[in-house]
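Trainee: Have a look; sequence and predicted model below, questions after that.
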Amino acid sequence: MKLPCPKSEAIESYEILLAVCRAEDAYLAVGYKQMRDLLERICRAQMQNESLQMTDLSARISFVAAKVGLSVAEQNRLHTFRLTSNAILNRQQEPNREQLLRDAKTLAFFIRKLLEEDIPLELYRLLPRADATYLVAPPARERVQRMRVCFQYADEQYLYVTPIANLFLDEWIHAGEEEPDYIDCMKKAFRQYPIELAACAELRDPSKEKEFAKDCRMHFEHIRDVVQHTFLEPGYNLDKKEAVLEPSYICEALGIQGRLDYMQRDMSSFIEMKSGKADEFSMQGKVEPKENNKVQMLLYMAVLEYSMGQDRRRMHPYLLYTRYPLLYPARASWAQVRRVINLRNRIVAAEYGVQFHNHSDFTRNLLAQINPEVMNERKLSGRFWEQYLKPSISRFRERKAVGIGTFGAGLFLYAL
């Protein structure tokens, strides 16, 4: 007789939290006892091979946090639960469901990070969401397909500047009375991204290396100007003291995921930062955001409305082009959102068709549609189409002719 496989520690923990969240109000104190015992057990399990002996939960939380690299915010939430459970179990405070769900969420996200097991959907739906510090949803890791809807080509020459610009933003947002030092920030950047910078072929060219250093200094100064001056101007609704940096999300309703660069804690305003160029050609003498950047902002607004219950008409979204600098207020266009989601659905349908038919003939016919005649849905013409867009699509068709077996499982469709 085949014995059933034992449940993983993460699944058992999630089942305890699910039962606690579903408990009646009369048993909330019992739920707190169960969650407290669960946290104790998890922390002790992480310390089995350690020689240290710690007598209280506070010390164990701090040790495990340092061991697995929890952020300050994550540690504070665990300590908040610890103090709340102390008060409730010592009958100094009456439990309430809102607090219990908040603390259950703290433990669920702690387990997810610690044990690398996704939060079950039935539990995740019970957890409160209206908190910008918790925009991160279950990552689903390898089982989630990350899809990017591409409207224009990326500024690949600026990709290596982007993470450094994000680091600069972090430094200026968290700066106290003493301003961040540029040299110290660059040293930190090289410590954080040694492989990316060492592997960048362009930086092996002395002239490109000088240009890179000049660009980094420019982004550093521009971000300082925006944070220290533009934030304070009336009408922007930006306060760095209430900032949440790089909150992530998964929106089940729209089927998209992503990560913001900056958000106010109350989700009233957010910023997406771009280190590359804006559109300098559409309007003479004026810099405008690129279409793909505006689409990205629209999707962020849609996520906040569908997942977090925020009214898009009350949001203050901004695109920050650190090259100029330009802090551009984005505008909502739900018709554009529908077009983007429709394009994404077409991509999903194409991938589903490949998997469903599972035959080389079907895949070959599908790939044959990636040609300039089919892909030029907007009927573009002129120099930009002929010299830049059309040749790359034609090269795809030429590579396809070599053999269908050279393509991986992923299929990327570009609509023009």
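Mentor: Good, I have the coordinates.
Trainee: Which residue is the nearest non-sequential neighbour of residue 62?
Mentor: Nearest residue to residue 62 in three dimensions, chain neighbours excluded: residue 75, at 7.1 Å (Cβ to Cβ, 6 or more residues apart in numbering). For every residue, glycine as well, the C-beta is placed using N, CA and C.
Trainee: Could you point out which residue ranges in the protein have low pLDDT?
Mentor: Where the chain drops to pLDDT under 70, the residues are 1-7, 49-55, 130-160, 399-416.
Trainee: what residue is smack in the middle of it?
Mentor: Nearest to the mean C-alpha position of the chain, by Cα atoms, centre = their mean, lies residue 259 at 2.3 Å.
Trainee: And the residue nearest to residue 62, how close does it get to residue 64?
Mentor: Residue 75 sits 9 Å away from residue 64, going by Cβ to Cβ, to the nearest Å.
Trainee: One more: residue 119?
Mentor: From residue 119 to residue 64 the distance is 19 Å (Cβ to Cβ).
Trainee: try residue 208
Mentor: 44 Å.
Trainee: more neighbours, those two?
Mentor: residue 64 (23 against 14; other Cβ atoms under 10 Å).
Trainee: distance of the more buried one from residue 123?
Mentor: 22 Å.
Trainee: Residue 177 too?
Mentor: Taking Cβ to Cβ, one finds residue 177 at 44 Å from residue 123.
Trainee: Which one's more surrounded, those two?
Mentor: residue 123 (20 against 4).
Trainee: Is that one in a helix, a strand, or coil?
Mentor: helix (DSSP: H, G, I helix; E, B strand; the rest coil).
Trainee: residues touching it, list them.
Mentor: 14, 17-18, 21, 108 (Cβ atoms under 8 Å, 6 or more residues apart in numbering).
Trainee: Adding distance to residue 59, neighbour count and secondary structure, write these out as TSV.
Mentor: Output for the contacts of residue 123, formatted as TSV (distance: Cβ to Cβ, whole Å; neighbours: other Cβ atoms under 10 Å; DSSP: H, G, I helix; E, B strand; the rest coil):
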residue	distance to residue 59	neighbour count	secondary structure
14	26	24	helix
17	24	25	helix
18	29	18	helix
21	28	20	helix
108	23	23	helix
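Trainee: which of the residues you listed are the two that sit furthest away from each other?
Mentor: Comparing all pairs in those by Cβ to Cβ, the longest separation belongs to 14 and 21, at 10.3 Å.
Trainee: centre of the chain versus stretch 300-307, how much separation?
Mentor: 13 Å (Cα atoms, centre = their mean, to the nearest Å).
Trainee: quick one: buried residues of it?
Mentor: Neighbour counts over stretch 300-307 (16 or more other Cβ atoms under 10 Å) mark 300-305, 307 as buried.
Trainee: And stretch 351-371, by the same measure?
Mentor: Buried-residue list, stretch 351-371, by 16+ other Cβ under 10 Å: 351, 354, 363, 366-367, 370.
Trainee: Quick check: closest non-adjacent residue to residue 226.
Mentor: residue 325 (5.4 Å).
Trainee: My read is that the one you found contacts residue 222, right?
Mentor: Yes. Counting by Cβ atoms under 8 Å, residue 325 touches residue 222, with 3.9 Å between them.
Trainee: Those two - which one has more neighbours?
Mentor: residue 222 (21 against 17).
Trainee: Next, show the common contact partners of residue 75 and residue 64.
Mentor: Both residue 75 and residue 64 lack any common contact, where contact means Cβ under 8 Å, 6+ apart.
Trainee: For residue 190, grab the count of nearby residues.
Mentor: 12.
Trainee: cool, residue 279 as well?
Mentor: 16.
Trainee: what's the answer for residue 204, then?
Mentor: 10.
Trainee: Also residue 330?
Mentor: 21.
Trainee: wait, doesn't it sit right on residue 317?
Mentor: Yes. Between residue 330 and residue 317 there is a contact at 4.3 Å, judged by Cβ under 8 Å.
Trainee: Can you pull the residues that touch both of those two?
Mentor: Common neighbours of residue 330 and residue 317 (Cβ under 8 Å, 6+ apart) are 297, 301.
Trainee: can you put the contacts of residue 123 in a markdown table and add distance to residue 240?
Mentor: A markdown table is the format used below for those (distance: Cβ to Cβ, whole Å):
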| residue | distance to residue 240 |
| --- | --- |
| 14 | 36 |
| 17 | 34 |
| 18 | 38 |
| 21 | 35 |
| 108 | 29 |
